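**Q** Here is my input; please provide its structure:
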Amino acid sequence: MNPWEPKRSPQRARGRAAEEEPAGPHLDLEVLGRAAPDVCILFTGPASAREIARRVHTLGGGSRLHFRVVDCRWADDVLEREIARGLRPGSSGTVLFEEVGRLSRKMQERLFSALDETPDPRSPRPPRARVMASTSEPLLQRALEGSFHERLLYRLNAIQVVVPLALDDL
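**A** Residues are numbered from 1 along each chain as shown. Predicted coordinates for the structure are as follows:
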């Protein structure tokens, strides 16, 4: 049974049509938006997560802050600049790394290094931007095979959200 499929309730009296009640887990985007900003969120599934990530960004108080999308299919030199720009200490807002499973091994290492840098708590600048990532690839399987950086997956997968095909189901 598909957990995103609507569950049908019994028909009401007097021949009224059956009501549909949503079944399965529903994502509370506001709660997700208020999660600690230093916790990464990984969106997995066949559908694009850009709209959901933007909603999480806005509901988490980021409506005044920048929302940057980095397509991980870009060339390595462009990705290098975007990682440096989006994750430097003092940057604010949200960075969504779209299709993170497409990163080259070199860029996986670079992204992990940028995420692993601990900002100085005594610094007057706020910590770096919130990080979200999305993928349609089975990253756990790829990490077990050695084709995806295992520690990067661990960092990105602090909160995992499975995105259904129909975004109306959220």
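**Q** Which other helices and strands does the helix or strand where His57 lies contact?
**A** In this structure, His57 sits in helix 50-57 according to DSSP states H and E. Helix 50-57 is packed against helix 29-33, strand 41-44, strand 67-71, strand 94-98, strand 130-135, with contacts defined by 3 or more C-beta pairs under 8 Å, 6 or more residues apart in numbering; DSSP states H and E. Where C-beta positions appear, they are placed from N, C-alpha and C, glycine not excepted.
**Q** Pick out the shakiest of these, pLDDT-wise.
**A** In terms of average pLDDT, helix 29-33 trails the rest of the helices and strands packed on helix 50-57, at a mean of 72.
**Q** Which positions in that one come out as buried?
**A** Within helix 29-33, the residues scored as buried using 16 or more other C-beta atoms under 10 Å are 29, 32-33.
**Q** what's the answer for stretch 46-62, then?
**A** Neighbour-count burial for stretch 46-62, counted by 16+ other C-beta under 10 Å, picks out 47, 49, 52-60, 62.
**Q** Equivalent analysis for stretch 83-93, please.
**A** For stretch 83-93, a neighbour-count test (16+ other C-beta under 10 Å) marks 83, 86-87, 91, 93 as buried.
**Q** how far does that stretch sit from the chain's center?
**A** Here stretch 83-93 is found 17 Å from its chain centre; the criterion is C-alpha atoms, centre = their mean, to the nearest Å.
**Q** do stretch 63-75 as well
**A** The chain centre lies 12 Å from the centre of stretch 63-75; the measure is C-alpha atoms, centre = their mean.
**Q** what does stretch 73-90 give?
**A** The answer for stretch 73-90 is 17 Å, by C-alpha atoms, centre = their mean.
**Q** Would you mind putting the buried residues of stretch 83-93 into TSV with pLDDT, secondary structure and distance to Arg68 alongside?
**A** Shown next, in TSV, are the buried residues of stretch 83-93 (pLDDT from 0 to 100; DSSP: H, G, I helix; E, B strand; the rest coil; distance: C-beta to C-beta, whole Å):
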residue	pLDDT	secondary structure	distance to Arg68
Ile83	90	helix	11
Gly86	84	helix	5
Leu87	85	helix	10
Ser91	79	coil	9
Gly93	85	coil	7
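**Q** can you redo the residues you listed as a markdown table with distance to His149?
**A** Below are the buried residues of stretch 83-93 laid out as a markdown table (distance: C-beta to C-beta, whole Å):
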| residue | distance to His149 |
| --- | --- |
| Ile83 | 14 |
| Gly86 | 18 |
| Leu87 | 16 |
| Ser91 | 22 |
| Gly93 | 25 |
